[in-house]
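Trainee: Everything below, folded, please.
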Amino acid sequence: MATQDTELIVVDIGGGGGGKEPPAGGDGGGDGDKGRRPRKPPQRRYSTAITLGMISILVFFLGLCSAFLVLKHVSQAWTPLHLPKILWLNTATLLLSSYTLEKARRRLSAIDFPGFRKLWRATTILGILFLTGQLIAWLQLVATGVYIASNQATSFFYIFTVAHAVHVLGGVAALVYVATRNFEKGKISRNTAAEITSYYWHFMDGLWVFLLLLLYLGR
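Mentor: Numbering: from 1, shown residues only. Below you'll find the predicted structure:
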C-alpha cells in the first residue's frame, strides 16, 4: 500500500512539472525582438519642423523688408544703390540649382542612385557657386568704396544679402548631409531627408528672387 502511494506521488510530480508552459512574453519572445531593426520615427514630423523653420525665417525677412520700405519713403538721406551685375548671374545659378535638385529627387524616386548622386552633387556645386558669386558682389562694392555704413540703402543691401547667404550656407550643409549620410542607421529616411532639403532650398531660391526684386525696384 505504501509502495502504491509512493508511485502515485512520483507520477503526479512529473506530470505537474512537464505540463507547465513558458509564460507569455517571456524570454522566448524577447530574444526574437532583440534581432529586429528599430523602427524609424514618423517622418512627417521632419516636414513640420522645416515648415516652422521656414515660417520663422520668412517673418524675420518680412520685418527687414518693412523697415526697408518705410525708411526709403521717409528718409531724406536715402541714396540709391547700383546693384552689381553679377547678382543676375548668381540668380540664374540659384534657379538652375533648384532644377537640378528636382531632377535628383526624381532619380531617387526611380531608385537610380548613381543619377541621384550626380545631380545632387551638381546642386551642391551650384549652391557653392552662388555663395561665391555673392562674395564677389560684396568685394566689387568694397572696391568702389561702398560699405555697409556708407548709407542706408547699402546697409540694407548688405544685411539682406549676408543674412540670405548665411541661410543658403545652411542649405548647402543640408545637401552635403544628404549626400554623405548613412541612412541605414539613421532615424530619417533618405527620401524624407531629400524632400525636406528640397523644401528649404526652393524656399531660399524664391526668397532670393523676392529680395533681388525689392532691391532693384526700391532703388
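Trainee: Isn't residue 194 up against residue 104?
Mentor: Yes - assessed by CB atoms under 8 Å, residue 194 is found in contact with residue 104 at 7.4 Å. From N, CA and C alone the C-beta is placed, and that goes for glycine too.
Trainee: Spatially nearest residue to the spatially most central residue of the chain, not counting backbone neighbours?
Mentor: For the chain, residue 197 is the residue whose C-alpha lies nearest the centre (CA atoms, centre = their mean; 3.7 Å). Closest residue in space to residue 197, ignoring its immediate chain neighbours: residue 174 at 4.6 Å, by CB to CB, 6 or more residues apart in numbering.
Trainee: and the one you found, what does it touch?
Mentor: 197, 200, 201 (CB atoms under 8 Å, 6 or more residues apart in numbering).
Trainee: what does residue 154 give?
Mentor: 79, 81, 141, 146, 147, 148.
Trainee: One more pass at 7 Å, please.
Mentor: If a contact means CB atoms under 7 Å, 6 or more residues apart in numbering, then residue 154 has 81, 146, 147, 148 as its contacts.
Trainee: For residue 151, give me phi and psi.
Mentor: phi -160, psi -180 (degrees, to the nearest 10).
Trainee: Next up, the contacts around it.
Mentor: 77, 79.
Trainee: same question, residue 161
Mentor: residue 134.
Trainee: go on, residue 193?
Mentor: Here residue 193 is in contact with 178, 181 (CB under 7 Å, 6+ apart).
Trainee: ok, back up a step: the more surrounded of residue 194 and residue 104?
Mentor: residue 104 (27 against 21; other CB atoms under 10 Å).
Trainee: which residue packs closest to the more buried one, ignoring adjacent ones?
Mentor: Per CB to CB, 6+ apart, closest to residue 104 is residue 119, 3.6 Å.
Trainee: what about that neighbour, how many residues close to it?
Mentor: Going by other CB under 10 Å, the residues that sit close to residue 119 add up to 21.
Trainee: After the strand or helix carrying it, which helix or strand is next?
Mentor: According to DSSP states H and E, residue 119 maps onto helix 113-143. Once the chain leaves helix 113-143, the next helix or strand it forms, by DSSP H and E, is helix 152-180.
Trainee: Give the buried residues for that next one.
Mentor: 152-158, 160-161, 164-165, 167-168, 171-172, 174-175, 178 (16 or more other CB atoms under 10 Å).
Trainee: Give me the distance between it and the centre of its chain.
Mentor: 13 Å (CA atoms, centre = their mean, to the nearest Å).
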